[in-house]
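1. The amino acid sequence is not available; the structure is as follows:
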């Protein structure tokens, strides 16, 4: 079996836009630097920017708004870079690929896995209703029993959920936490 890692979203569009903006700005600055080193006058926008920076202080409203907009854009890009993305998909076990074959990744949605386990738990005798909450490392199960002993229902639920979790084929099987009440 290969180690299955959590799914991450691609985020190609924000990364491509940020790369294009940085590439354009870098090329513009490099061209201007080369022109100045070749004893040619700097670009007009750079001279104008230098004059504007002489006239405006960091306390001016326009400078503060521009700095705030850049800070928000940077924070959004950092958030996109640091958050894992597709947390609702649980990675499944995958067998070793055959020689020359491409590796296949499989995932199961948390809500779908919870629905499968809920359906399995509803088959236990004495269970009236079940609520299943699926996390990455645990499964919370709350069941309501109506005619059997609570300990017997809990034991049956533990057995059924253990088999159900194994049959889901998750790479990192979650641990069930079962609560049964009247």
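-> Received, thanks. Keep in mind it's a predicted model, so treat the numbers as computed, not measured.
2. pLDDT score for residue 87?
-> pLDDT recorded at residue 87 is 79.
3. Quick check: it vs residue 6, distance?
-> 8 Å (CB to CB, to the nearest Å). For every residue, glycine as well, the C-beta is placed using N, CA and C.
4. Where do the helices of this structure begin and end?
-> Secondary structure of the chain by DSSP state H: the helices cover 12-37, 44-55, 61-82, 110-122, 150-168.
5. Now tell me which of these the model trusts least on average.
-> helix 44-55 (a mean of 82).
6. What are the buried residues along that helix?
-> For helix 44-55, the neighbour count (16 or more other CB atoms under 10 Å) marks residue 46 as buried.
7. ok, back up a step: quick one: common contacting residues for residue 87 and residue 6?
-> Taking CB atoms under 8 Å, 6 or more residues apart in numbering as the criterion, residue 87 and residue 6 both touch residue 136.
8. one step back: so which of the helices of the chain gets nearest residue 178?
-> helix 150-168 (5.2 Å; CB to CB).
9. Centre of the chain to the closest one, how far?
-> Once both centres are worked out by CA atoms, centre = their mean, to the nearest Å, helix 150-168 turns out to sit 30 Å from its chain's centre.
10. what's that helix in contact with?
-> The contact list for helix 150-168 (CB under 8 Å, 6+ apart) reads 92, 108, 113, 116-117, 120-121, 123-127, 139, 141, 143, 145, 173-174, 176, 178, 180-182.
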